[in-house]
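Enquirer: my questions are about this predicted structure, shown below with the sequence.
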Amino acid sequence: MQYYLDGFTPGDPDVKPPASGLDRNTSKARGIPQEVDVLIAGCGPAGLCLAAQLAGFPQISTMIVDPKQGPMEKGQADGVNVRSMEMFQAFGFAEKVKREAYWVNQTAFWKPNPARPDHIQRVGIAQDVADDQSEMPHTILNQARVHQLFLDVMKNAPTRLEPHYGLRVQNVAIEPDNSDHPVTVTLDKVTEDGSAGKTVTVRANYVVGCDGARSTVRRAIGGKLHGDAAHQAWGVMDILANSDFPDLRRKCLIQSAKEGNLLIIPREGGFLFRMYVELDKLNPDERVSNRNIVAADIIAAANRIMSPYTIDVKEVVWWSVYEIGHRLTDKFDDVPADQIAHRTPRVFTAGDACHTHSPKAGQGMNVSMGDTFNLGWKLAHVLTGRSDPELLHSYSAERRLEAKRLIETDHKWARIMSAPPGQSELDGSEMPRFQKQFIENLEFTGGLAVRYEPSRIIAKAAQQPLATGQIVGKRFHSAPVLRLADAKPMQLGHAAEADGRWRIYAFAGQDDDGTAGGAIHRLCAYLDSDPASPVRRYTRADEDLDALIDLRAIFQQDFKALNFGDMPSLLRPAKGRYGLRDFEKIFCTDLKLGQDIYTMRGIDRRRGCMIVVRPDQYVAHILPLDGFAALSNFFDGVFKPQDEQ
């Protein structure tokens, strides 16, 4: 974490100095604006993730609204996969989550005892996060707490962004031919009893509907959710309870002979835990609300499934009943497929507004945040004049494909979970079907199966052999390094923040120590001084050289064999109003711990390489260290030249 660049400021470094001309009053206190750049509907994980990104850009005006009278307090999602934890690191609160959350290290599998089928027995234990899958753990934390961490980022950002609660989107209207705030949003002021009061209108350049499965924003742009329902009722509850069940503090998948299935997920704090309890099958024309299920019904079902063990519930913190459904909308923005060539998006949907599925795979909150982490930097590029609006087409193209994969995988998982013993396609193998499918899905449930297709912002993987462990289109896989200037051991991926910047990680070849004549020195000379360099072409005159593209270098030698003072000036840039030296851009392998990033990530030792990483942490390109022209050509497809910005 770097701060004090533009002068010493006492206090919490997470609280950024307010934007120029902005006092310390919150954005909410300044009232409802008439115009904004981005209006976000919904203060769920998707909406808050987007707002937290945009809050860091003082030149972008953002408004986020929600019909509730205040922030969520409890309930709903709780699983945070390793990919989301990597994202939280970029926002600066992963360590808080790690400290507070329950860590899912193992998953236990229980099924009927063959000798006594009405009793369950443990039949297997699986590692929940595969070795070297990520430096981050799989954690469980109340969704409301995740919301608060995003709210803290927003409030501490230069724009001091806070939600406008008590406002519900009534309608969204687009004037496609109007380039200045062409989206008119009509908002109802919601009273404390939930009824609608007076209406207000706000004009926006872009609107993002993160307003749930019954999304008003989605309906306003003609979107519909298509899919099916499994006609299966499940109960979910967060409880404080005593039990003789031995794995109460371990994630468990439990299959009974005749009473259905149960998931136990320990929660944060050491005592709280969640149960997902299979209930009754529903008739094709029946809704779960018709059954009038209450909390006591869920507890009774859990006790039947867990026999011979029992559970004594002391407090029900939150509970709900739901029906499994798998649905996906046609498109994640307002532009019909036949108009993509001559019209750019103005309205987007994210999260449950465009995809719904069962909660048991733990993907709802994670995929929703993934949607807007993808969208946020693209909106920022367009609104700050860096990129043309056509870039925004990539949001629907990339995220709908991943949502489709989610729906298909979760559909299969839900069928396996709900099938009685002996009636699943995976039954009959030596390993229980739960366990077998769970292990096969580890990459997916970790959030690491996402792979974006080649496009203007994902290059073709022609140079993949230069870094076999950093797959083009997938997230950048961090590994341990030592920072040269102070020998600090750290994760290389943690050098990146959620600040909208691109990264170039330059891995030096054999015997290259950064001095004149080496490939790293030649790369830096090109980036620093050549007119075709993307650093020179797209960084504005009043900005630091790394304001848009952040170069980092990694060397194979031990830190004692390298001299910081001999490194190219681009790796030791003078920044800020005082021209202070940046000491944090050069790294070497962590030989002391035997964790060699070159070996771990398949980096070509002889040649080295460049790895270009997008602001949302996905590998966009791999190039040889002398691939100057290809690097420039790639960024030509991302940014507009300065004279057009």
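Expert: Looks like it arrived, so ask away. Residues are numbered from 1 along each chain as shown.
Enquirer: break down the stretch 351-500 of the chain into its helices, ranges please.
Expert: For the stretch 351-500 of the chain, the helices defined by DSSP state H, counting those that start in this stretch occupy 364-383, 393-418, 433-440, 442-445.
Enquirer: out of these, which is closest to Pro641?
Expert: Nearest of these to Pro641, taken as CB to CB: helix 364-383 at 13.9 Å. For every residue, glycine as well, the C-beta is placed using N, CA and C.
Enquirer: now that closest one against helix 393-418, angle please.
Expert: Using axes from the mean of the first three to the mean of the last three CA atoms, to 10 degrees, the direction of helix 364-383 lies 180 degrees away from that of helix 393-418.
Enquirer: could you say what helices and strands helix 364-383 packs with?
Expert: Using 3 or more CB pairs under 8 Å, 6 or more residues apart in numbering; DSSP states H and E as the contact test, the elements touching helix 364-383 are strand 35-41, helix 45-54, strand 79-80, helix 82-91, strand 196-209, helix 393-418.
Enquirer: go again with 7 Å.
Expert: Applying 3 or more CB pairs under 7 Å, 6 or more residues apart in numbering; DSSP states H and E, one finds that helix 364-383 contacts helix 45-54, helix 82-91, strand 196-209, helix 393-418.
Enquirer: most tightly packed of these?
Expert: helix 45-54 (a mean of 29; mean count of other CB atoms under 10 Å).
Enquirer: what does that helix rub up against?
Expert: Residues outside helix 45-54 that contact it (CB atoms under 7 Å, 6 or more residues apart in numbering) are 38, 40, 60, 62, 64, 91, 143, 146-147, 150-151, 153-154, 161, 208, 210, 350-351, 365, 368-369, 371-373, 375-377, 379-380, 498.
Enquirer: what number of residues lie near Ala629?
Expert: 10 (other CB atoms under 10 Å).
Enquirer: now it: which helix or strand?
Expert: helix 628-636 (DSSP states H and E).
Enquirer: cool, Val172 as well?
Expert: strand 167-174.
Enquirer: quick one: strands adjacent to the very next helix or strand once past that strand?
Expert: Downstream of strand 167-174, the first helix or strand assigned by DSSP H and E is strand 183-190. If you go by DSSP bridges, strand 183-190 pairs up with strand 167-174 (antiparallel), strand 196-209 (antiparallel).
Enquirer: between the shortest one and strand 35-41, how many degrees?
Expert: Read it as strand 167-174. For strand 167-174 against strand 35-41, the angle by the same axes, to 10 degrees is 120 degrees.
Enquirer: next: the longest one.
Expert: Orientation check (the same axes, to 10 degrees): strand 196-209 against strand 35-41 gives 90 degrees.
Enquirer: please save the CA atoms from strand 196-209 in CSV.
Expert: Written as CSV, here are the backbone C-alpha positions of strand 196-209 (Å, rounded to 0.1, in the frame of the first residue of the first chain):
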residue,chain,number,x,y,z
ALA,A,196,-44.3,4.6,-3.1
GLY,A,197,-44.4,8.3,-2.5
LYS,A,198,-43.3,11.2,-4.8
THR,A,199,-41.4,10.5,-8.0
VAL,A,200,-38.1,12.2,-9.1
THR,A,201,-36.2,11.9,-12.4
VAL,A,202,-32.5,11.6,-12.9
ARG,A,203,-30.8,11.7,-16.3
ALA,A,204,-27.7,9.5,-16.7
ASN,A,205,-25.2,8.6,-19.3
TYR,A,206,-25.3,5.0,-18.2
VAL,A,207,-27.6,2.9,-16.0
VAL,A,208,-26.7,-0.4,-14.5
GLY,A,209,-29.5,-2.6,-13.2
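Enquirer: show me what counts as buried in the strand holding Val172.
Expert: 167-169, 172, 174 (16 or more other CB atoms under 10 Å).
Enquirer: quick one: furthest residue from the center of this structure?
Expert: Distance from the centre of the chain peaks at Ala115, with 45.5 Å (CA atoms, centre = their mean).
Enquirer: what pLDDT is listed against it?
Expert: In this model, Ala115 is scored at 95, pLDDT.
Enquirer: quick revisit: CSV for the strands paired with strand 183-190, including mean pLDDT and distance to Met610?
Expert: Listed next are the strands paired with strand 183-190 as CSV, based on pLDDT from 0 to 100; distance: least, CB to CB, whole Å:
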stretch, mean pLDDT, distance to Met610
strand 167-174, 96, 41
strand 196-209, 94, 32
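Enquirer: output the contacting helices and strands for the helix holding Ala629.
Expert: Short answer (3+ CB pairs under 7 Å, 6+ apart): helix 628-636 packs on helix 534-538, strand 619-623.
Enquirer: tell me the centre residue of this protein?
Expert: When CA atoms, centre = their mean is applied to the chain, the residue found nearest the centroid is Gly370 (3.6 Å).
Enquirer: now do that one against Gln148, distance only.
Expert: As judged by CB to CB, to the nearest Å, Gly370 and Gln148 stand 20 Å apart.
Enquirer: also Met72?
Expert: Met72 is 9 Å from Gln148, by CB to CB.
Enquirer: then Lys436?
Expert: Distance, Lys436 to Gln148, by CB to CB: 38 Å.
Enquirer: so who does the closest residue to Leu484 other than its chain neighbours touch?
Expert: When the adjacent residues along the chain are set aside, Leu484 lies closest to Ile586, with 4.3 Å between them (CB to CB, 6 or more residues apart in numbering). Neighbouring residues of Ile586 by CB under 7 Å, 6+ apart: 484-485, 553, 564, 567, 571.
Enquirer: which residues does Ile586 bridge with?
Expert: Assigned bridge partners for Ile586, using DSSP bridges, are Ala553.
Enquirer: tell me how many other residues surround Ser20.
Expert: Neighbours of Ser20 (other CB under 10 Å): 7.
Enquirer: that one falls within a helix, correct?
Expert: No. Counting by DSSP: H, G, I helix; E, B strand; the rest coil, Ser20 is not part of a helix but coil.
Enquirer: so how far is Met490 from the residue lying closest to it once chain neighbours are set aside?
Expert: The shortest distance from Ser20 to any non-neighbouring residue, by CB to CB, 6+ apart, is to Pro58 (6.9 Å). As judged by CB to CB, Pro58 and Met490 stand 29 Å apart.
Enquirer: could you dump the least confident helix or strand in the chain by mean pLDDT to PDB, C-alpha only?
Expert: In the chain, no helix or strand scores lower on mean pLDDT, DSSP states H and E than helix 433-440, which sits at a mean of 76. Output of helix 433-440 as PDB, limited to C-alpha atoms (Å, rounded to 0.1, in the frame of the first residue of the first chain):
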ATOM      1  CA  ARG A 433     -21.400 -38.900  -6.200                       C
ATOM      2  CA  PHE A 434     -21.300 -35.800  -4.100                       C
ATOM      3  CA  GLN A 435     -17.600 -36.100  -3.500                       C
ATOM      4  CA  LYS A 436     -16.700 -37.000  -7.100                       C
ATOM      5  CA  GLN A 437     -18.600 -34.100  -8.600                       C
ATOM      6  CA  PHE A 438     -17.300 -31.700  -5.900                       C
ATOM      7  CA  ILE A 439     -13.700 -32.600  -6.700                       C
ATOM      8  CA  GLU A 440     -14.300 -32.200 -10.400                       C
END
